[in-house]
Structure formats: structure tokens, C-alpha cells
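K.L.:
Give the three-dimensional model of this entry:
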Amino acid sequence: MKLKQIILSIALLVSIGCFVIAPIASAEDCGDYSTSILPCSTGGENGINGILLLAINILTAGIGIAAVGGFIYAGVLYSSAGDSQDNIKKAKEVMKNVVIGLLAYGLMYSVLNYLIPGGVFN
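P.N.:
Have a look, this model is predicted:
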């Protein structure tokens, strides 16, 4: 349980760093609005589309790392199970959950591509 708390704490700190520390670098005046996250001159990548694109890029990297880690964990658990049917069952369950998570993320990505005009990555 302690390892899960440490991993979640590190993930939280990294995500806070991406959204809080990085945008402080420069502020740009966009007419009546001042922004430090997105430049005003990027055409279609400003406003909510730019924020959504940034969030999807971070989620994609996180999902990829988590999926690879899950498969490695399940593989080690399966290969070290020996005759223990409980460990084999747990490893198969972890692999199934990783695949379900990847499918859920793919579904979310395709729904966002449908809802956002021009798709997520124009």
C-alpha cells in the first residue's frame, strides 16, 4: 500500500509541475486578456483547444507508461507464480485491467476527435 501512495504522490507532483511551473515562464497580452499558458498568435491552438491538447498529450504519456508498467508487473507476477493459482489469476486480472484501460482511453480519444472541430491533432 505504501508503494502505491508514493507512486501517486510522484505523479501528482509531476502533474502540478507541468500545469503550474511551466506556464509561469512568459505572459502574453491577448487584447483584453492576459495569459501565461498559451500564446495568442498560434491560430487554432489557443484557448480551450490548446489546453485540451496539452492535457491529452500528458494523459497519453501517462497512460503509455502505466500500461507498460502494468504489463511488466503482470509478466513478473505470472513468471514467478510457480504452482500458485492465485498469483496466476492475479496476473491475468492485471493484464485484463490494463487492456480495458487502454481501450477506455482509446474510446475517450476517439470521442474527443469527434466532438472537437478538426480533431484533437489538427
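K.L.:
Please report the distance of residue 3 from residue 52.
P.N.:
Separation of residue 3 from residue 52 (C-beta to C-beta, to the nearest Å): 32 Å. Using the backbone N, CA and C atoms, a C-beta is placed for each residue, glycine as well.
K.L.:
These two: which is more packed in?
P.N.:
Taking neighbours as other C-beta atoms under 10 Å, residue 3 and residue 52 compare with residue 52 leading, 15 against 7.
K.L.:
I'd guessed the more buried one sits against residue 112; true?
P.N.:
Yes: shown here, residue 52 and residue 112 form a contact pair, counting by C-beta atoms under 8 Å, at 7.3 Å.
K.L.:
Can you pull the phi/psi pair for residue 84?
P.N.:
phi -80, psi 110 (degrees, to the nearest 10).
K.L.:
Oh, that last question was meant for residue 82, not what I typed.
P.N.:
Dihedral angles (degrees, to the nearest 10) for residue 82: phi 70, psi -120.
K.L.:
and it, how far is that from residue 7?
P.N.:
27 Å.
K.L.:
Residue 74 too?
P.N.:
Taking C-beta to C-beta, one finds residue 74 at 16 Å from residue 7.
K.L.:
Quick one: the helices in this structure, in order.
P.N.:
2-16, 48-79, 85-115 (DSSP state H).
K.L.:
want to try JSON lines for these, with mean pLDDT as columns?
P.N.:
Shown next, in JSON lines, are the helices of the chain (pLDDT from 0 to 100):
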{"stretch": "helix 2-16", "mean pLDDT": "67"}
{"stretch": "helix 48-79", "mean pLDDT": "87"}
{"stretch": "helix 85-115", "mean pLDDT": "88"}
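K.L.:
Mind checking which of residue 74 and residue 7 has more residues around it?
P.N.:
More neighbours surround residue 74 than the other of residue 74 and residue 7, with 19 against 12 (other C-beta under 10 Å).
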